[in-house]
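Asker: What follows is a predicted protein model with its sequence.
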Amino acid sequence: MNKYLSLLFIAILCSCQNSEDKISFNRDVRPILNNKCLRCHGGVKASGQFSLLFEEDAFGETQSGSPAIVRGNHSKSEFYKRLVHEDLELRMPFDAPALSQEEIDILAEWIDQGAKWEKHWAYIPPKKDIEPPKIDSLSWAKGKIDQFVYAKMKEHDLGPSPEADKETLIRRLYLDLIGIPPTSEEVEDFLNNSAEGAYENEVDKILKSPHFGERWASLWMDLARYADSKGYEKDSNREIWKYRDYVINAFNSDMPYDQFSIEQLAGDLLENPSEQQLIATAFHRNTLANDEGGTDNEEFRIAAVVERVATTYEVWQGTTMACVQCHSHPYDPFRHDEFYQSMAFFNNAKDNDSYFEEPKLFTYSESDKKEVESLLEYIDSELLPEDKEEKAMYLYNEKDAVLKRLGYRIHEAESFYESSPFIELDEGLQYLWQVQDSSWVKYDQLNLERIKEVGFFASAIIDYAGDIDIHLDSLNGRRIGKAKITKTGKGTNVIENKENIREFKMAIDEVTGIHDVYLKFYKGDRFDGHLFYLDKMRFYEEEPRMNLYDKAFNQKLQRLADIPSTSTPIIQELPAEEARKTHLFERGSWLTLGKEVERGIPNIYGYSEADEPKNRLDFAKWMMSEKNPLTARVAVNRFWEQLFGFGLVESMEEFGTQGEKPTHPELLDWMAVRFENEHNWQVKPFLREIVLSATYKQSSDADVDKIEKDARNQWLARGYRTRLSAEQIRDQVLTVSGLLNPTIGGPSVVNSSVDGGWTGVPEWAIKGDSAKYRRSLYTLWKRVTPPNEMLTFDSPDRSICASRRIRTNTPLQALNLLNDETFFEASNALAEQMANADLNVDNQIKYGYFKVMGRKISNEKLVLLKELFLDAEYHFSNEKIDSEFPEIANNKKGVEKNRLAALTIVANALLNLDEFIVKG
């Protein structure tokens, strides 16, 4: 009976249908297929050889030899028949509740209307000529963004909120654009400026701040999965902070987003890339690396390459590709082999999960750079004509070439290509360590021509620490020399003694050509560990060219060799003759190779085979081209989310069919086109346009009616209240207390956030007072034990790319704000300023409140905070200050210390108020 009623319903529907009643595949059909059908007929599984994921599969032959869907006739379609079959063994979905009658009717009508297939909206290029809707409130709208937003408000029976007060606006602007609040002076200047254009001028001033780059680099660090360690069990140190500086400088200089992206994905393939363009490629050297002894380097190299593919698609396409490593995408139109076609662009990088993390770019600090340039200029002026050669492109390479040319040849011991288990480096990655009996390391393709001696720079604490044998080409290859390592210092601890370095020379046999060189470490018949540290090797030529020069020249040469450099792991392409082949992995296993695949991009993007990108640079340029419908959408959505709390597409990481639909699709596309064509991919003018809009400037206050109609503020009828990020909370505390060290850039720093998870702090990290109050962006970040308060306030551990942080509200957050060491030091610093501002308690509290909140305190709050002050002052008058505030007790006397302690409690309360940790 139900079957006939359904047919009758469809007949009636067809008879009265107009163009507006057409079934939409994306709107009406795809949600049903995704929710009810694709688990058996999708990308992972295609029962009966029938898949509803790809159009060609949906209308192709099934296992029966006939198509399951007959366009124009649902009654002849096996797909429909199975939906209404009376036999539960044959009725679909199998072993699941039946579709509702409404869902069945929609699918039947869709088939009768021709079963028109549609691309998911995200893969359809945005229209270039979108016009904002006409609205009836031009007096409210400040620009075209507001017209889109206002029209959507009206659709949901909502209206805009009034503009926020000036105090709220200036704090909102500073926190959004540079991540730290304005000073009291900046607030007062803005409040007292009643000139036309004051707000716009303030925006322009903030956009020029050098702290702009820091604020937006914090966002990018999550996407780049930046950390100062490599991950996995060992989680050893990694020196990659120059990449973070690159990101900061890129945002500060307003580098176009397309250039910024291309440099990170393929800067090494640009013509004559600069040092900064090579450093940019460290984006994809932030992948995890496994230094644990006995691991397979190829296994973890492949794991890194696979992760690079998934991260690239998530960051620039808002697409989850990780699952396609094992099978076709369950819900989106990406086939299994298309993952590996994309992987082929990344599979030719030189890095190989080795301990030393080659290839690396070596650079100098600004001061050392000037000295190196000066030394090279001097040396070049003294060189004989036959010793002069064309200068290398990069400063370090030029220095290296000069030293080698003159016979000053150094090879760092830690730069080995391969090793046995139990070979490790020290925590600073500067010394070869745990050289255990029978262990070995391999150095790839060293030139030992004309070398007569090798000097090993080592550190040991016992009389006979062990021996080193040098073998060519294999562990059992020709032995060309042997060195004995003995005690180098008076220390009794091998770790503490490592800097007591001495050179141990040994003669070697004559060698011709270039060879792999193996060092074997042993100590007679004993199996001892931690024998010695090995710092570097020096190769002595028979008649080095440097002997032709005087003592002063050679002293300069020595100084040039000794100047320290900073290393940054980068991406570089293998030469064509060493290019790797890329195979599909059966079920995602790198051990089970399937067919070989060529470079290519997924078919959903509509590229012809002739237009396929040929290399990683072409791939990066395609990502940023008009032919790619997603990159600009994903970018503007990400920036929007940072200002409003939620993206227009809430699922930042997923623009596919399982992601959230855009709340304002026309606005999203209009902004994407404008970002690309009008703003020329520049972030600052794009952000400026948003923060000048009436939408952005709305008050976050809301009445019951608005909250009932739109509890989550999807339709933007009010300003958005959201808790600040972990970095912003700490940075704001440091700023308002006057403790913030505003230094921009440089190595990561060790502060109270860095816990005992570090087995050793790297030598290049900044420690001490200069590190204590730096912005949170610079805190030394270890993946296994990330900074405590960052995790507490929902930061990811950065083992993988994170497109958005999920906000939580836990007791730990309140405890952290109340008791964190840095936060309480800030409370004390703020209390001292309050005490020095005025003798009157009321005025002291007013001063503190204005400094923290950027607005005058209300009488109600003043009364409550004064009560807190009086209670605290009474509490500390009972001598409890000596145990609870020893710093104050030791530096202040009598009533003064009690008063300061009580003000510290008030300051601590101010830094814990909801209005302080929330942007309104």
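Answerer: Everything's here; your move.
Asker: Ranking helices and strands of this protein by mean pLDDT, which lands last?
Answerer: When the helices and strands of the chain are scored by mean pLDDT, DSSP states H and E, helix 2-15 comes last with a mean of 46.
Asker: Tell me the first helix or strand C-terminal of that helix.
Answerer: Remark: after helix 2-15, the chain's next helix or strand is helix 30-32, criterion DSSP states H and E.
Asker: just checking, what packs against that following helix?
Answerer: When contacts are defined as 3 or more C-beta pairs under 8 Å, 6 or more residues apart in numbering; DSSP states H and E, helix 30-32 packs onto helix 101-112. Any C-beta I mention is one placed from the backbone N, CA and C, and that applies to glycine too.
Asker: for the helix it packs on, which positions count as buried?
Answerer: 103, 104, 105, 106, 107, 108, 109, 110, 111, 112 (16 or more other C-beta atoms under 10 Å).
Asker: Then stretch 909-920?
Answerer: For stretch 909-920, the neighbour count (16+ other C-beta under 10 Å) marks 909, 910, 911, 916, 917, 919 as buried.
Asker: Strands - which of the residues you listed land there?
Answerer: Of the buried residues of stretch 909-920, the ones assigned to strands by DSSP state E are residue 919.
Asker: Please produce a markdown table containing the buried residues of stretch 909-920, extended by distance to residue 58 and pLDDT.
Answerer: Shown next, in a markdown table, are those (distance: C-beta to C-beta, whole Å; pLDDT from 0 to 100):
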| residue | distance to residue 58 | pLDDT |
| --- | --- | --- |
| 909 | 62 | 97 |
| 910 | 61 | 97 |
| 911 | 59 | 96 |
| 916 | 55 | 96 |
| 917 | 51 | 96 |
| 919 | 47 | 95 |
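Asker: of all the buried residues of stretch 909-920, which comes closest to residue 594?
Answerer: Of all these, residue 594 sits closest to residue 919, with 50.3 Å by C-beta to C-beta.
Asker: what's the nearest residue to that closest one if we skip its chain neighbours?
Answerer: The shortest distance from residue 919 to any non-neighbouring residue, by C-beta to C-beta, 6 or more residues apart in numbering, is to residue 175 (5.3 Å).
Asker: what's around the one you found, how many residues?
Answerer: Applying other C-beta atoms under 10 Å, we find 19 residues neighbouring residue 175.
Asker: What helix or strand is it located in?
Answerer: Here residue 175 sits within helix 166-177, counting by DSSP H and E.
Asker: what's that helix packed up against?
Answerer: Counting by 3+ C-beta pairs under 8 Å, 6+ apart, helix 166-177 packs on helix 184-191, helix 198-207, helix 683-691, strand 918-919.
Asker: pLDDT below threshold where in this structure?
Answerer: 1-20, 525-527, 755-759, 878-883, 887-895 (pLDDT under 70).
Asker: quick one, what contacts the most centrally placed residue in it?
Answerer: With distances taken as C-alpha atoms, centre = their mean, residue 224 lies nearest the centre of the chain, 2.2 Å away. Counting by C-beta atoms under 8 Å, 6 or more residues apart in numbering, residue 224 touches 243, 247, 264, 283, 286, 801.
Asker: Equivalent analysis for residue 342, please.
Answerer: 309, 312, 313, 321, 600, 601, 602, 619 are the contacts of residue 342 under C-beta under 8 Å, 6+ apart.
Asker: if you set the cut-off to 7 Å instead, what comes out?
Answerer: Going by C-beta atoms under 7 Å, 6 or more residues apart in numbering, residue 342 touches 309, 601.
Asker: Could you do the one 5 residues further on as well?
Answerer: Residue 347 sits next to 305, 580, 582 when contact means C-beta under 7 Å, 6+ apart.
Asker: So which of those residues are in strands?
Answerer: Counting by DSSP E, those contribute residue 582 to strands.
Asker: The contacts of residue 347 into TSV, with extra columns for neighbour count and distance to residue 691?
Answerer: Listed next are the contacts of residue 347 as TSV, based on neighbours: other C-beta atoms under 10 Å; distance: C-beta to C-beta, whole Å:
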residue	neighbour count	distance to residue 691
305	22	40
580	12	47
582	21	45
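Asker: Let me know the closest of the contacts of residue 347 to residue 78.
Answerer: Closest to residue 78, out of all of the contacts of residue 347 and judged by C-beta to C-beta, is residue 582, at 38.4 Å.
Asker: count of neighbours near the closest residue to the closest one other than its chain neighbours?
Answerer: Closest residue in space to residue 582, ignoring its immediate chain neighbours: residue 344 at 4.0 Å, by C-beta to C-beta, 6+ apart. When neighbours are counted by other C-beta under 10 Å, residue 344 registers 24.
Asker: Do I have it right that residue 344 meets residue 598?
Answerer: Yes: using C-beta atoms under 7 Å, residue 344 is in contact with residue 598, at 6.5 Å.
Asker: Tell me the one of the contacts of residue 347 nearest residue 874?
Answerer: Residue 874 lies nearest to residue 305 out of the contacts of residue 347, by C-beta to C-beta, at 65.4 Å.
Asker: Pretty sure that closest one sits against residue 346.
Answerer: Yes: shown here, residue 305 and residue 346 form a contact pair, counting by C-beta under 7 Å, at 5.1 Å.
Asker: Tell me how far the residue lying closest to residue 750 once chain neighbours are set aside lies from residue 780.
Answerer: Leaving aside its chain neighbours, residue 750 sits nearest to residue 767 (4.7 Å; criterion: C-beta to C-beta, 6+ apart). Between residue 767 and residue 780 the computed distance is 9 Å (C-beta to C-beta, to the nearest Å).
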